[in-house]
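Engineer: need a structure here:
(chains A, B, C, D, E and F)
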4 protein chains.
Amino acid sequence: MNPRSKSERPLKERLREAVRGEILAAAQRVFGLRGLGAAKMEEIALAAGVSVGTLYNHFEDREALLQALLDEKRQKSRARLDEVLERTRSAPFREQLTEFLRATVENFIEHRALFTMLAEDEMRGGKGRLRSQAALKEVTARYQQLVDRGLEQGALRPQDSALYAPLLLGFLRGLFMQSTWDETLPLSPELVESMVRIFLEGAGTRT
Amino acid sequence: MNPRSKSERPLKERLREAVRGEILAAAQRVFGLRGLGAAKMEEIALAAGVSVGTLYNHFEDREALLQALLDEKRQKSRARLDEVLERTRSAPFREQLTEFLRATVENFIEHRALFTMLAEDEMRGGKGRLRSQAALKEVTARYQQLVDRGLEQGALRPQDSALYAPLLLGFLRGLFMQSTWDETLPLSPELVESMVRIFLEGAGTRT
Amino acid sequence: MNPRSKSERPLKERLREAVRGEILAAAQRVFGLRGLGAAKMEEIALAAGVSVGTLYNHFEDREALLQALLDEKRQKSRARLDEVLERTRSAPFREQLTEFLRATVENFIEHRALFTMLAEDEMRGGKGRLRSQAALKEVTARYQQLVDRGLEQGALRPQDSALYAPLLLGFLRGLFMQSTWDETLPLSPELVESMVRIFLEGAGTRT
Amino acid sequence: MNPRSKSERPLKERLREAVRGEILAAAQRVFGLRGLGAAKMEEIALAAGVSVGTLYNHFEDREALLQALLDEKRQKSRARLDEVLERTRSAPFREQLTEFLRATVENFIEHRALFTMLAEDEMRGGKGRLRSQAALKEVTARYQQLVDRGLEQGALRPQDSALYAPLLLGFLRGLFMQSTWDETLPLSPELVESMVRIFLEGAGTRT
DNA sequence: CATGAATGAGTCTTCATTCAT
DNA sequence: AATGAATGAAGACTCATTCAT
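Structural biologist: Predicted structure coming up:
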């Protein structure tokens, strides 16, 4: 009944978690700075303030570290979308759509480097792509939920409705990549208003 | 006078061009198959039916070979867009837009792997990104030409018009990437009709 | 308190130094055996009993390893000359000169292969030549110190005195190279006596 | 009895000789500029205005080209020394020595790069060293002839006389190398006077 | 003979991973 | 559990030499 016994394990675990967090944070910085292919384990270790060996005490190998990092990011993104979906459940569709896109855009602005990494990861073969596809399915499902609500509310036309979710998603993905190089396209939250208007009303002068 | 004089020089040049072509074709296959980072010079040489050394007789280094390949592709894409732009000069805007998007989509379907490579190249640092940005500017300019015609014809609303070109482009880019993993989104030419309709008329029930 | 604390750090450092020493010794053998241009990193690693990678953990690249080796040699040579210069400070000039030349000759006999490497390094372009020139300046300065003492003592004629230092140095360098191929010219310490006599008194029958 | 038959062969031969000369001249430039190890066959061909293949039509391989170049140089040097030896046969020894050294120095000034190449070649293993040693023997023999004349004339002391030839030769070699890096040691013909005086009379204040 | 593209063995260098301390 | 030196397979690139035209 040593009183330390109660806290000792959690202490060690908390320390271990702290190191893991440092490593992930360092990995994010280095992968973002150098690119997924060029980032070196040694530099990540240096940035995390640990030795290379420690990296391997916490993660199976380089790929596992990368996927852990990306998975964490994907999960946070999903959670944020879920939160918006939940919060705006009873709002008018236009507002739901605006809020949803705004959340996505803000999410992107906040973690621009990570989105780039996610995209880059998708372009490579191997496990990364599989996880990306799985993650994509989940995100698409949330967009589909949004679209379904629009259809239920009668705010969206049934025609072409199967396209709406992938279109919105592709729409955003394309904009993100575009904005990475084209600085004349500022990813301001105001942009969302225009996106919503064009999606709902079109760009043409006639219906 | 010498009958050989007419053909001799071109002969060697043609041979050289033929080998260069073989190498580029092999590079396209291997880079596409393995990814930009994982493709090995040795495999490219093998696929081209030449030795490694020959690769370096035709291209400065690995990066130069890759960029030559991508540049060639970018140029062909631009040429195709120019051709459509020219051919539909006097057609109604909706038709111009449809043709333009259809050309882009067909182009993509035909060279799917290369688009992936172009996208992947953009995600890496270095010269590749610079060339991508330059190429992107040229493509965006062509989309802007199309949009300008729509505005002149009164077929597009001036509001948000600055967004139209990047939006259309981002739109397509996003769809292409999406379609790479999502097989429920077939990139059929028919898709273009829906895209045009949504862009011009919107997805909402009210204009 | 911890008894290890006193020795632990030095232990790893000593180990590291030991490996570095092994590598330098192996490099000396292999560079000497094969020549500066033909020595292979793999053979050096083999000779040192380590793997190629370890070579690069201790030295930036092949050239850095070579220069580290030569620098070490140059420094030891300078130290030896300084020691003689100091020890014979108050002796008659003829004895100083004899001791100084004897030290140089013995140094050469002892590390013949390295002198060859130093000479070979000087003939190549790049950083090697610069370091050689810098080292040469320092050695020449020591010869100049010796000559200055001779002049102060009135043992050397002021006429042509500017030539004495480079002449003595060139003299020895030439003899060393000569002796490398001409086995009829044994670089015995006795040779030094003759050299001193000829330098001081000349070879002619009349003054 | 075609009249061309008399000149046709010599014509072809003369052309062939001309090409060979161009190649050797180009090789001299490139080997001198890049160093014996770094000079590339392609650059030599370019400098000679021929194709690489032609290099191999005239010389067995790279080493043969290099040795042909050096042999040519060695032979010219020997011829010059022989000429001086012959011309000054009946002059006083001091004049003979002065002329001989002057010829060597001028020879060096004129073909500085080649001397560097000769020296560099000696430092490498293989056939080059053997040819160098052979050539050195011949040059030493000429120096020995000169020394013998000095002894016959009673102008040189018999003591240490076996050293004189190698000493003079080493003397010059060292000076040449020295002058390559030390620009405070100009290899002017005037230098020869001092060299002769020091060799004959010594640098000491007493004989 | 000249040409110059093709060849491919040979080297350096990198870096993820291991493991003794 | 942390450390960081050692490992060695892998891959880009070089360049002397060959040979079909």
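Engineer: got the phi and psi for residue A:156?
Structural biologist: phi -120, psi 140 (degrees, to the nearest 10).
Engineer: not counting its neighbours along the chain, what's nearest it?
Structural biologist: residue A:150 (3.9 Å; CB to CB, 6 or more residues apart in numbering or on different chains). For every residue, glycine as well, the C-beta is placed using N, CA and C.
Engineer: what is the burial count for the one you found?
Structural biologist: Burial measure for residue A:150: 23 neighbouring residues, criterion other CB atoms under 10 Å in any protein chain shown.
Engineer: does it touch residue A:93 like I think?
Structural biologist: Yes. Using CB atoms under 8 Å, residue A:150 makes contact with residue A:93 at a distance of 4.4 Å.
Engineer: quick revisit: could you identify the helix or strand that succeeds the helix or strand harbouring the residue nearest to residue A:156?
Structural biologist: Here residue A:150, judged by DSSP states H and E, is contained in helix A:127-152. Once the chain leaves helix A:127-152, the next helix or strand it forms, by DSSP H and E, is helix A:161-181.
Engineer: packing partners of that next one?
Structural biologist: Applying 3 or more CB pairs under 8 Å, 6 or more residues apart in numbering or on different chains; DSSP states H and E, one finds that helix A:161-181 makes contact with helix A:93-110, helix A:112-123, helix A:127-152, helix A:189-201, helix B:112-123, helix B:127-152, helix B:161-181, helix B:189-201.
Engineer: and residue A:187, that one's in a strand?
Structural biologist: No. Counting by DSSP: H, G, I helix; E, B strand; the rest coil, residue A:187 is not part of a strand but coil.
Engineer: check what pLDDT residue A:33 gets.
Structural biologist: With respect to pLDDT, residue A:33 scores 88.
Engineer: need the three-state assignment for the nearest residue to it once chain neighbours are set aside.
Structural biologist: In space, residue A:33 comes closest to residue A:39 once its chain neighbours are excluded; the distance is 7.5 Å by CB to CB, 6+ apart. Of the three states, residue A:39 takes coil according to three-state DSSP.
Engineer: quick one: pLDDT of the residue nearest to residue A:156?
Structural biologist: Here, the pLDDT recorded for residue A:150 equals 93.
Engineer: what about the closest residue to residue A:47 other than its chain neighbours, which helix or strand?
Structural biologist: Leaving out its chain neighbours, the residue that sits closest to residue A:47 by CB to CB, 6+ apart is residue A:26, at 3.8 Å. In this assignment (DSSP H and E), residue A:26 forms part of helix A:3-34.
Engineer: could you tell me how many residues sit around residue A:135?
Structural biologist: Counted by other CB under 10 Å, the residues lying close to residue A:135 total 19.
Engineer: in this structure residue A:135 contacts residue A:74, no?
Structural biologist: Yes. Using CB under 8 Å, residue A:135 is in contact with residue A:74, at 4.5 Å.
Engineer: re earlier: show me what contacts the residue nearest to residue A:47?
Structural biologist: Residue A:26 is in contact with A:44-45, A:47-49, counting by CB atoms under 8 Å, 6 or more residues apart in numbering or on different chains.
Engineer: which pair in the residues you listed spans the largest distance?
Structural biologist: By the measure CB to CB, A:44 and A:49 form the most distant pair in these, at 10.7 Å.
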